[in-house]
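**Student:** Please work out how this folds:
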Amino acid sequence: MSIIEVIGEETPRWAATRSVTPDKTNSRSTYTLEPTPTGCTLTMGIVMELPAGFKFTEDPEHWWESRARTYLKRVKEVLSARQG
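**Tutor:** Now for the predicted structure:
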């Protein structure tokens, strides 16, 4: 379980967060919304500071993809509930 802190925002277009967790990683994430003719595009990014010698137990891209998909699935659920 983790907690995030919003460290910057420009509502509703952009936000930056940092994780507040008991582990030794420090991460910052950014979320940017850009309008498109049919809706919007969400761009997500992450910067992680890891301890010296840290090794991922899985491929970092796979790790990010699995977390991003979970997040996006939840965003879809929330937006769908608001439309109903």
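**Student:** Quick one: the strands in this protein, in order.
**Tutor:** Ranges of strands in the chain, per DSSP state E, are 3-10, 14-20, 26-36, 39-49.
**Student:** ranking the ones you listed by burial, who's on top?
**Tutor:** By mean neighbour count, with neighbours taken as mean count of other Cβ atoms under 10 Å, strand 14-20 ranks first of those at a mean of 15. (Glycine included, C-beta is placed from N, CA and C.)
**Student:** Report the rounded mean pLDDT for stretch 4-20.
**Tutor:** Summarised as a single mean, pLDDT over stretch 4-20 is 88.
**Student:** Need the pLDDT of Thr25.
**Tutor:** In this prediction, Thr25 carries a pLDDT score of 69.
**Student:** before we move on, the earlier item: out of the strands of the chain, which gets nearest to Glu61?
**Tutor:** Closest to Glu61 of those is strand 39-49 (Cβ to Cβ; 11.5 Å).
**Student:** Quick check: which helices or strands does the closest one pack against?
**Tutor:** Applying 3 or more Cβ pairs under 8 Å, 6 or more residues apart in numbering; DSSP states H and E, we find strand 39-49 packed against strand 26-36, helix 60-83.
**Student:** swap the cut-off to 10 Å and go again
**Tutor:** strand 14-20, strand 26-36, helix 60-83 (3 or more Cβ pairs under 10 Å, 6 or more residues apart in numbering; DSSP states H and E).
**Student:** Dump these to CSV, plus distance to Ile3.
**Tutor:** Compiled in CSV, the helices and strands packed on strand 39-49 are given as follows (distance: least, Cβ to Cβ, whole Å):
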stretch, distance to Ile3
strand 14-20, 4
strand 26-36, 12
helix 60-83, 15
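**Student:** Which one, of these, ends up nearest to Gly45?
**Tutor:** Closest to Gly45 of the helices and strands packed on strand 39-49 is strand 26-36 (Cβ to Cβ; 4.7 Å).
**Student:** Please identify the pairing partners of the closest one and their relative orientation?
**Tutor:** strand 14-20 (antiparallel), strand 39-49 (antiparallel) (DSSP bridges).
**Student:** could I get these as TSV with distance to Tyr31?
**Tutor:** Listed next are these as TSV, based on distance: least, Cβ to Cβ, whole Å:
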stretch	distance to Tyr31
strand 14-20	5
strand 39-49	6
